[in-house]
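> Quick one, structure for this:
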Amino acid sequence: MGFFDKLFQKKEEGIESTKKVDVEARFERLRSAVSGTMSNFFVAKDRHNDNRIVGVKLCDVEKVEFFESRFKGLNKPQEGWISAQMIHPNIAKTLEFGTTTKGQPYIVMEFVDGPGLQVLVLEREEEKLRGKRLSLITQMAEALNYVHRKEFIHRDICPRNYICSMDLKTIKLIDFGLTLPATRPFMLPGNRTGTPLYMAPEIVRRRSTDQRVDIFSFGVTCYHMITFELPWNTTDTTGKAALQHDTAPPVEILELRPDLDKTLANAIMSAIKANVDQRTPDMETFLRQLRQVKTSP
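The predicted structure follows:
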């Protein structure tokens, strides 16, 4: 029995709910938020826990079952279990997970009271981001490096899955719905999931994958955050858009931001190399490069 097989058989005491939860009875919905790849998310008061404000994620049963069906016989851990392992200051904390009375997997997580990175990017909030990007990128990189050290691949790194504090001093990674163990059975060709505009070519082409798919997506996310543009010009947001990622060169980031620190520019462009063997090899390398950056965009 391998390391992950033994690990996945253990129960995470004090986090997983052993009884089915009536979501409507327990939580007072305050507002909806951005939906994920396979779920809906809302902010709520937890009536059973002193009315604390939390984030509640309700997973789409059909989409989850379809995704999980790709890994039959591999003892794949559920999303709630994975997210509960991620204890890091730049990852939203999972407080509880289980199943609702309607049979839906649910996750209760800490509420991060601030804007999503996707909103800041799409609304081109230069004034809010100016001078803060290096700190935010470093925190984003630290979170992803932690996920990789825990021997997982996030597989959906994009602006939608990072949430900032109101003052933009802190940022946290969310959503482990597509996350897989970084072991060979889960990295074989064929699992074509993720957000197309940020997707690595090896996913699009149904090749073997590893943690470097996250590095590619992370590089595209950083590029988008700094320039408010994507490295490849496209109006398509379907899987077809990702076909450009290894057939056309990306626009050099310095063309859009000539004032950008060259070390940071080189780090980002290296992260989005189409050839996986030329790409930044790991997040530790990216973090070492960040430590050499002198000015924040």
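
> Now do the contacts for the nearest residue to Thr195 once chain neighbours are set aside.
The shortest distance from Thr195 to any non-neighbouring residue, by Cβ to Cβ, 6 or more residues apart in numbering, is to Cys158 (4.5 Å). Yep, even glycine has a C-beta here, placed from its N, CA and C like the rest. Going by Cβ atoms under 8 Å, 6 or more residues apart in numbering, Cys158 touches 118, 195, 197-198, 217, 220-221.

> Next, give phi and psi for the closest residue to Thr209 other than its chain neighbours.
Closest residue to Thr209 apart from its sequence neighbours, by Cβ to Cβ, 6+ apart: Met187 at 4.9 Å. Backbone torsions for Met187, taken as degrees, to the nearest 10, come to phi -110, psi 10.

> where's Met187 relative to Glu151, distance?
12 Å (Cβ to Cβ, to the nearest Å).

> Compare these two and say which is more crowded by neighbours.
A direct count of neighbours by other Cβ atoms under 10 Å for Met187 and Glu151 places Met187 higher, at 18 against 14.

> From Val276, how far off is that one?
12 Å.

> any common contacting residues for the two?
Asp210.

> Filter the contacts of Cys158 down to just the ones in strands.
Among the contacts of Cys158, DSSP state E puts none in strands.

> Mind picking the one among these that's closest to Thr18?
Thr195 (33.5 Å; Cβ to Cβ).

> what about stretch 170-182, start to end distance?
27 Å (Cα to Cα, to the nearest Å).

> ditto for stretch 72-86
End-to-end for stretch 72-86, by Cα to Cα: 24 Å.

> pLDDT averaged over it, what's the number?
Rounded to a whole number, the mean pLDDT of stretch 72-86 is 94.

> What residues does Gln278 make contact with?
With Cβ under 8 Å, 6+ apart, Gln278 has these contacts: Ser270.

> Can you tell me how far it is from Asp214?
Gln278 is 16 Å from Asp214, by Cβ to Cβ.

> same check, this time on Glu284
13 Å.

> Looking at those two, which is more packed in?
Using other Cβ under 10 Å, the more surrounded residue of Glu284 and Asp214 is Asp214, with 28 against 13.

> contacting residues around the more buried one?
So Asp214 contacts 144, 147-148, 153-155, 157, 283 (Cβ under 8 Å, 6+ apart).

> Show me the helices in the stretch 51-200 of the chain, by range?
61-68, 79-85, 117-122, 126-129, 133-149 (DSSP state H, counting those that start in this stretch).

> Ok, which of those comes nearest Thr235?
Taking those one by one with Cβ to Cβ, helix 117-122 is closest: 14.2 Å.

> Let me see the mean pLDDT of that closest one.
97.

> Buried ones in it, by neighbour count?
117-118, 120-121 (16 or more other Cβ atoms under 10 Å).

> Need the contact partners of that helix.
34, 125, 128-129, 136, 158-160, 162-164, 171, 221, 224-225, 228.

> Quick check: end-to-end length of stretch 114-126?
16 Å.

> do stretch 77-95 as well
17 Å.

> Equivalent analysis for stretch 235-245, please.
Start-to-end, stretch 235-245 (Cα to Cα) is 14 Å.

> And stretch 280-297, by the same measure?
21 Å.

> who touches Val204 in this structure?
192, 196, 239, 242-243, 245-246.

> The same query, at a cut-off of 10 Å, please.
Contacts for Val204 (Cβ atoms under 10 Å, 6 or more residues apart in numbering) come out as 192, 194, 196, 239-246.

> One more: Ala44?
Taking Cβ under 10 Å, 6+ apart, one finds 23, 26-31, 51-56, 108, 111 in contact with Ala44.
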